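**Q** I would like the atomic coordinates for the input below:
(2 chains, ligands or ions: 2)
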Amino acid sequence: MKVTVLGVGEMGVDDTPGAVIKTFALGSCVAVMVYDLKHKVAGMVHVALPDSSIKPDRAATLPGYFADTGVKTLFRLFSGFRGGMTGTRGLTVRLAGGANIMATHAGFNIGKRNTEAVLAHLGAFGLTPMSMQVGGSIGRTVSIEVDTGRIVLSSPGRTDSVI
Amino acid sequence: MQSMISIDEVVGRTKLLPLLSQSSMRLMEIIKDDRHTLADIIRIVSLDAPLTARLLMVVNAPAFSQSGQVNSLSRAVAVLGEKVVTGIALAMCAPFIYENDLSGYAGERGLLWKHCMRAAIASREVSRYGAREINPDVAFTSGILHDIGKAVISEYLSDMTGLLLEEVQTQKAADFLDAERQALGFDHTVLGEAVARHWQLPAPYPQVVRFHHEPMLAPEAFRHEVFCAHLGDLIAMMGGTGTGADTLLYRLDEHFEEYFDFPPLWLEATLLTVSDEYEKTKAAFYGE
Ligand SMILES: [Fe+2]
Ligand SMILES: [Fe+2]
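**A** Ligands and ions are numbered 1, 2, ... in the order given. Purely as a prediction, here's the structure:
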């Protein structure tokens, strides 16, 4: 079985039967997962920060690092797997991550701001996530299966869940 | 819950732990002193053959992408930096701490080292913004040491991890530290301080270990360093590098702003730098 592991800021799209895309230990980072049921294509991007303006040269080499450039580039990559179809019809999106430490301090809510930024950029494509497991104070490892679009979440000390 | 184990008994057991190696003690001491030179570091390391071998191995890992082999110790020390060298020295002489499987946290072997390394890098980054001058080397070592108590408390927490998580989630405990206290009557910071005292670590390290979750309780003189470890710890967890089930389940002490002059967007910038530095260091360690 082919398992592609994404590091921070990396993204992947795959249509290989049986393949899985996975990313480990999301803290305040957000994983955006996109699935095309008809063409059986799965994609994921591991977003670390809300906005690329903080480090444009990083956005150029690793667009997945930021919500704005990450969402855009993931859809561009995705269209290549759907015969060049650029629209987002037939795509479902799910999110995981965006956790926070136990604090009310606004500056520290990077997880929340990551989630909000991802939602805003998805909205620009006319998309709202089908489901999300975001926020809270919990580290998450997440994977998506190409065959089914099934997403499995795991966290140390807790039982796995499917979204 | 379960019958309480006495704190004296557990602290007594920390006194049976092996002491730190001569070289790591000397390195910790010397990097605190502003007058030290690279030659001082090299002299200490050169007396420790296993440490020298390990440094040469790490520095020749592909991640450091040096042009050609690094054969000399002096170049290895120059390339790695004295802080990383000190960190490696500590990890090598205290495998019973840093190689602990952290079963009480549903962690795994190697996780404590990764978490402490990431917290150390973050603590050093944060130290740049101190409202008074903070020695970045001390801030780094503070991060390396902050959670040594987890390795000792872990076995007493096994089988209770799920229960402790529930206590925090249902707000019966304020955070994971409080959950440890409620379950055992002591927590990883108290045991960590006992280990630090047993190792005869100089100030501010015992204080950092003891107060890294409650910085305002630390003696005023060490509070800046304690806050560095406090923030470094949280930043490491935000980056996804915790020690298991307790990841992110700790509180931020908002008094931190009194001890630093942070520019706007410092946290975003710090998360980015820390992530890059950590990946580089990790890759070197594991030869990835
Ligand atoms: Fe801790
Ligand atoms: Fe920690």
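
**Q** least trustworthy helix or strand in chain A by mean pLDDT?
**A** Lowest by mean pLDDT, DSSP states H and E among the helices and strands of chain A is strand A:161-162, with a mean of 92.

**Q** do it and chain B meet at all?
**A** No: using C-beta under 8 Å from any C-beta of the partner chain, strand A:161-162 stays clear of chain B, coming no nearer than 14.4 Å. The way it works is simple: take the backbone N, C-alpha and C, and place the C-beta from them, glycine included.

**Q** How many neighbouring residues does the nearest residue to residue A:65 once chain neighbours are set aside have?
**A** Nearest residue to residue A:65 in three dimensions, chain neighbours excluded: residue A:9, at 3.4 Å (C-beta to C-beta, 6 or more residues apart in numbering or on different chains). By other C-beta atoms under 10 Å in any protein chain shown, the residues close to residue A:9 number 23.

**Q** list the contacts for residue A:9?
**A** Residues counted as contacts of residue A:9 (C-beta atoms under 8 Å, 6 or more residues apart in numbering or on different chains) are A:46-48, A:58, A:62, A:64-65, A:70.

**Q** one more time with 7 Å
**A** Applying C-beta atoms under 7 Å, 6 or more residues apart in numbering or on different chains to residue A:9 gives the contacts A:46, A:48, A:62, A:64-65.

**Q** you'd agree it is in a strand?
**A** No: checked against DSSP: H, G, I helix; E, B strand; the rest coil, residue A:9 lies outside a strand; its state is coil.

**Q** May I have the phi/psi pair for residue A:134?
**A** Dihedral pair for residue A:134: phi -130, psi 160, per degrees, to the nearest 10.

**Q** neighbours around residue B:208, how many?
**A** 31.

**Q** for the one 4 residues further on, same thing?
**A** Taking other C-beta under 10 Å as the neighbour definition, residue B:212 ends up with a count of 32.

**Q** now do residue B:110
**A** Neighbour tally, residue B:110, other C-beta under 10 Å: 15.

**Q** which parts of stretch B:191-206 are buried?
**A** B:191-199, B:201, B:204-206 (16 or more other C-beta atoms under 10 Å in any protein chain shown).

**Q** now stretch B:173-192
**A** Of the residues in stretch B:173-192, those buried by neighbour count under the rule 16+ other C-beta under 10 Å are B:173-181, B:183-184, B:186-192.

**Q** which other residues reach the least confident helix or strand of chain A?
**A** Against strand A:161-162 from outside (C-beta under 7 Å, 6+ apart): A:150-153.

**Q** try 6 Å
**A** A:152-153 (C-beta atoms under 6 Å, 6 or more residues apart in numbering or on different chains).

**Q** That one pairs with which strands, and in what direction?
**A** strand A:151-154 (antiparallel) (DSSP bridges).

**Q** Extract the C-alpha trace of the strand it pairs with and format it as PDB.
**A** The C-alpha coordinates for strand A:151-154 follow below in PDB (Å, rounded to 0.1, in the frame of the first residue of the first chain):
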ATOM      1  CA  ILE A 151     -10.500  10.100   6.900                       C
ATOM      2  CA  VAL A 152      -9.100   8.600  10.100                       C
ATOM      3  CA  LEU A 153      -8.000  10.700  13.000                       C
ATOM      4  CA  SER A 154      -5.800   9.500  15.900                       C
END
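
**Q** roughly how far out does it sit from the chain middle?
**A** From the chain centre to the centre of strand A:151-154 is a distance of 13 Å (C-alpha atoms, centre = their mean, to the nearest Å).

**Q** Give the rounded mean pLDDT of that strand.
**A** For strand A:151-154, the mean per-residue pLDDT is 97.

**Q** ok, and for it, which residues are buried?
**A** Neighbour-count burial for strand A:151-154, counted by 16+ other C-beta under 10 Å, picks out A:151-153.

**Q** Now find how far off-centre the helix or strand harbouring residue B:156 is within its chain.
**A** Assigned by DSSP states H and E, residue B:156 belongs to helix B:148-157. Helix B:148-157 sits 14 Å away from the centroid of its parent chain (C-alpha atoms, centre = their mean).

**Q** so what secondary structure elements neighbour that helix?
**A** For helix B:148-157, the contact count by 3 or more C-beta pairs under 6 Å, 6 or more residues apart in numbering or on different chains; DSSP states H and E identifies helix B:188-198 as packing neighbours.

**Q** who's in contact with the next helix or strand along the chain from the helix it packs on?
**A** Reading on from helix B:188-198 to the C-terminus, the next helix or strand found by DSSP H and E is helix B:205-211. The set of residues external to helix B:205-211 that reach it, using C-beta under 6 Å, 6+ apart, is B:142, B:145-146, B:189, B:192-193, B:196-197, B:217-218, B:222, B:225-226, B:229.

**Q** Quick one: work out the angle between the host helix or strand of residue B:121 and helix B:148-157.
**A** Assigned by DSSP H and E, residue B:121 falls within helix B:111-127. Put simply, helix B:111-127 runs at 140 degrees to helix B:148-157, going by axes from the mean of the first three to the mean of the last three C-alpha atoms, to 10 degrees.

**Q** If you count neighbours, what's buried in stretch B:20-32?
**A** Within stretch B:20-32, the residues scored as buried using 16+ other C-beta under 10 Å are B:20-21, B:23-28, B:30-32.

**Q** Now tabulate these in TSV and tack on pLDDT.
**A** Output for the buried residues of stretch B:20-32, formatted as TSV (pLDDT from 0 to 100):
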residue	pLDDT
B:20	92
B:21	92
B:23	92
B:24	92
B:25	92
B:26	92
B:27	93
B:28	90
B:30	90
B:31	88
B:32	85
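
**Q** Good, we can wrap up now.
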